[in-house]
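In: fold the following for me, if possible:
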Amino acid sequence: MNKPRVLVVDDEPQILRFLRPGLSAGGFDVITAVTGAEAVKSAATMAPDLIVLDLGLPDKDGKDVIREIRTWSNVPIIVLSARDRESEKIESLDLGADDYINKPFGIGELMARIRASLRNRKQGDVVTSVYHSAGITLDTLKHSVEKNSQPIHLTPKEFELLFLLVKNADRVLTHRQILTSVWGPAHTHDVQYLRVFIGQLRQKIENDPADPALILTESGIGYRFVGDR
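Out: Got it, this is the predicted structure:
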């Protein structure tokens with residue numbers, strides 16, 4: 001079986017020395033690039049299954065790399081960033097990044113995020129009407145939701161919101177992405193409205209809505225549904 005190919009884009013030699021053996025030991029075929037131009041070329045010619053991308057590159061901003069690649073490819077992109085401004089993370093995700101990890105980071109966390117992104121993308125390639133994740137079963141044809149085989153009643157918008165989250169399990173979705181997808185472009189700034197619906201969903205699917213384990217808040221950015229590990 002071919003190993004999943006991961007393109008690591010970072011101009012810091014110590015990061016590459018850390019990631020190459022770690023990811024290789026984890027069962028990945030690792031290729032590297034140190035500039036944005038090399039990243040775009042490798043993405044086009046080396047057919048990576050996933051890209052790990054630093055935002056601070058010597059020739060161009062990593063967000064520009066995301067923007068360029070997204071014009072022709074939906075390859076999963078995980079951003080590595082030492083930038084702690086929420087606006088940088090939000091813009092990267094809105095441009096099409098699948099996830100982000102703050103520097104410094106552990107190799108175990110990165111590999112878990114890589115596996116989740118690859119799993120989500122593989123599932124997205126298969127036409128399906130039933131989604132199973134973290135004890136939740138969502139059937140789009142029957143328009144039904146069960147938790148641990150027990151039916152849960154959701155309003156149409158609650159169902160649509162949960163479907164979006166479950167379909168993108170383990171991926172950070174920004175407020176803007178969620179609001180645009182579920183309520184439309186006219187509602188991209190209705191963050192408080194979204195919080196109300198998230199609260200309603202948590203009341204129905206969480207064991208302890210005050211300490212959620214399924215729908216996690218990414219402070220200032222959006223939400224992440226925790227899938228099966």
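
In: domain ranges for the protein?
Out: Listed by automatic domain parsing, the domain ranges of the chain are 5-124, 130-225.

In: all strands of the protein, in order?
Out: Using DSSP state E, the strands of the chain run over 5-9, 29-33, 50-54, 77-81, 99-102, 130-133, 136-139, 144-147, 150-152, 172-174, 215-218, 222-225.

In: convert the first one to PDB, retaining C-alpha atoms only.
Out: I take that to be strand 5-9. As requested, the backbone C-alpha atoms of strand 5-9 are provided in PDB (Å, rounded to 0.1, in the frame of the first residue of the first chain):
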ATOM      1  CA  ARG A   5       2.500  11.800   0.700                       C
ATOM      2  CA  VAL A   6       2.800  14.900   2.800                       C
ATOM      3  CA  LEU A   7       4.400  18.100   1.500                       C
ATOM      4  CA  VAL A   8       6.000  20.100   4.300                       C
ATOM      5  CA  VAL A   9       6.500  23.800   3.500                       C
END
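
In: for the residue nearest to the spatial centre of the chain, list the residues it contacts.
Out: Using CA atoms, centre = their mean, the residue of the chain that lies closest to the mean C-alpha position is residue 171, 2.6 Å off. If a contact means CB atoms under 8 Å, 6 or more residues apart in numbering, then residue 171 has 98-99, 116-117, 120, 224 as its contacts. (Glycine included, C-beta is placed from N, CA and C.)

In: most neighbours among those residues, which one?
Out: Neighbour counts for those peak at residue 98, which has 26 neighbours (criterion: other CB atoms under 10 Å).

In: per-residue pLDDT of that one, please?
Out: Per-residue confidence (pLDDT) for residue 98: 89.

In: cool, and residue 142?
Out: Looking at residue 142, its pLDDT is 85.

In: what's the local residue count around it?
Out: For residue 142, the count of nearby residues is 9 (other CB under 10 Å).

In: for the contacts of residue 171, give me CSV that also has distance to residue 175.
Out: Listed next are the contacts of residue 171 as CSV, based on distance: CB to CB, whole Å:
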residue, distance to residue 175
98, 17
99, 16
116, 21
117, 21
120, 20
224, 12
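
In: show me the shaky parts of the protein.
Out: Across the chain, the ranges flagged by pLDDT under 70 are 1, 122-128, 228-229.

In: one more time with 80
Out: 1-2, 82-85, 120-129, 133, 227-229 (pLDDT under 80).

In: for it, what spans make up the helices?
Out: Along the chain, the stretches classed as helices by DSSP state H are 13-25, 36-45, 62-69, 86-95, 107-124, 156-167, 175-183, 191-205.

In: can you give me the angle the third one makes with strand 5-9?
Out: Using axes from the mean of the first three to the mean of the last three CA atoms, to 10 degrees, the interaxial angle of helix 62-69 with respect to strand 5-9 works out to 140 degrees.
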